[in-house]
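Trainee: Here is my input; please provide its structure:
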Amino acid sequence: MKISIFAGVLLISAAVIFVDGQSWSEFYNKHINAGMTDGQCTDVMRKPFNTFITGNVDAVQAVCGEGGAPYGNGYVISYDYFKIVDCYLVHQNPPAVPPNCYYRGDESERRIIVRCENGEPVHFHGSQEPVARPQS
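Mentor: Next up, the predicted model:
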């Protein structure tokens, strides 16, 4: 009985890690789109919602080093603003099916919250309004 409970916990833990974990390459392909505007959401989207970071790739990676601060639960928040585009599926009547869906985009400048592995972002957690960088 103890072995089956341990095996169950181990499987659940592995599933959680798998769902949250991705590589820098996957993060890049999913969330980095330099120069993107809110008007391009319909052209690039394939799911109901996604956030794109449209700025400097090196600055995004730097968030996992000196460009960010611990945010809790293993996440890091950037000190600097990033231009981001949030793309949302517009509900249509009658419902549209891909590739005939329409998306709305919202551009903003916000701090990004990411999970880092080996000094690189691997999971986009969200964004928030900027706050002042602490004085050293």
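
Trainee: Does anything pack onto the longest strand along the chain? Which helices or strands?
Mentor: If you go by DSSP state E, the chain has its longest strand at strand 103-117. Strand 103-117 sits against helix 41-44, strand 75-78, strand 82-89, strand 120-128, with contacts defined as 3 or more CB pairs under 8 Å, 6 or more residues apart in numbering; DSSP states H and E. (Each C-beta comes from the backbone N, C-alpha and C, glycine too.)

Trainee: Using PDB, list the CA coordinates for the first one.
Mentor: Right, helix 41-44. The C-alpha trace of helix 41-44 is given here as PDB (Å, rounded to 0.1, in the frame of the first residue of the first chain):
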ATOM      1  CA  CYS A  41      -3.000  38.900 -33.300                       C
ATOM      2  CA  THR A  42      -5.400  37.300 -35.800                       C
ATOM      3  CA  ASP A  43      -2.500  36.400 -38.100                       C
ATOM      4  CA  VAL A  44      -0.300  34.700 -35.400                       C
END
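
Trainee: Can you tell me what sits against stretch 85-97?
Mentor: By CB atoms under 8 Å, 6 or more residues apart in numbering, the residues outside stretch 85-97 that reach it are 33, 36-38, 40-41, 44-45, 47-52, 54, 101-108.
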